[in-house]
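**Q** no letters, just coordinates:
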């Protein structure tokens, strides 16, 4: 006779593998590199500074 198989362990391993695959797909589809995030932040900061510099003083 063969060795008994724990079906709960198999089910959990399968769920983990599916979750990891879905996460990898999302990272490719929606992820940005750190450099891209930094560039966006720098642009937003510059826009905010430019807008603040154009305010009228009362």
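**A** Nice, I can see it. Computed from a prediction, not measured in an experiment: that's the story for all the values here.
**Q** quick check, distance from the longest helix seen in the chain to the centre of its chain.
**A** Ranked by residue count and defined by DSSP state H, the top helix of the chain is helix 7-30. How far helix 7-30 lies from its chain's middle: 15 Å, per C-alpha atoms, centre = their mean, to the nearest Å.
**Q** that one: what's the following helix or strand?
**A** Downstream of helix 7-30, the first helix or strand assigned by DSSP states H and E is helix 34-53.
**Q** low-confidence stretches in this protein?
**A** Across the chain, nothing is flagged by pLDDT under 70.
**Q** which residue is nearest the middle of the protein?
**A** Taking C-alpha atoms, centre = their mean, the centroid of the chain lies closest to residue 31, which sits 5.1 Å from it.
**Q** I'd like the distance between residue 35 and residue 45.
**A** As defined by C-beta to C-beta, to the nearest Å, residue 35 lies at a distance of 16 Å from residue 45. The way it works is simple: take the backbone N, C-alpha and C, and place the C-beta from them, glycine included.
**Q** repeat for residue 5
**A** Distance of residue 5 to residue 45, computed by C-beta to C-beta: 57 Å.
**Q** check contacts around residue 12.
**A** By C-beta atoms under 8 Å, 6 or more residues apart in numbering, the contact set of residue 12 is empty.
**Q** for burial, what's the neighbour tally of residue 54?
**A** For residue 54, the count of nearby residues is 7 (other C-beta atoms under 10 Å).
**Q** same thing with residue 33?
**A** When neighbours are counted by other C-beta under 10 Å, residue 33 comes out with 8.
**Q** and it, what are its phi and psi?
**A** Dihedral pair for residue 33: phi -80, psi 170, per degrees, to the nearest 10.
**Q** ok, it to residue 40 distance?
**A** Per C-beta to C-beta, residue 33 is found 11 Å from residue 40.
**Q** what do you get for residue 18?
**A** Counting by C-beta to C-beta, the gap from residue 18 to residue 40 is 32 Å.
**Q** cool, residue 34 as well?
**A** Counting by C-beta to C-beta, the gap from residue 34 to residue 40 is 11 Å.
**Q** the more surrounded of these two?
**A** residue 40 (11 against 7).
**Q** show me what contacts that one?
**A** Residue 40 sits next to residue 32 when contact means C-beta under 8 Å, 6+ apart.
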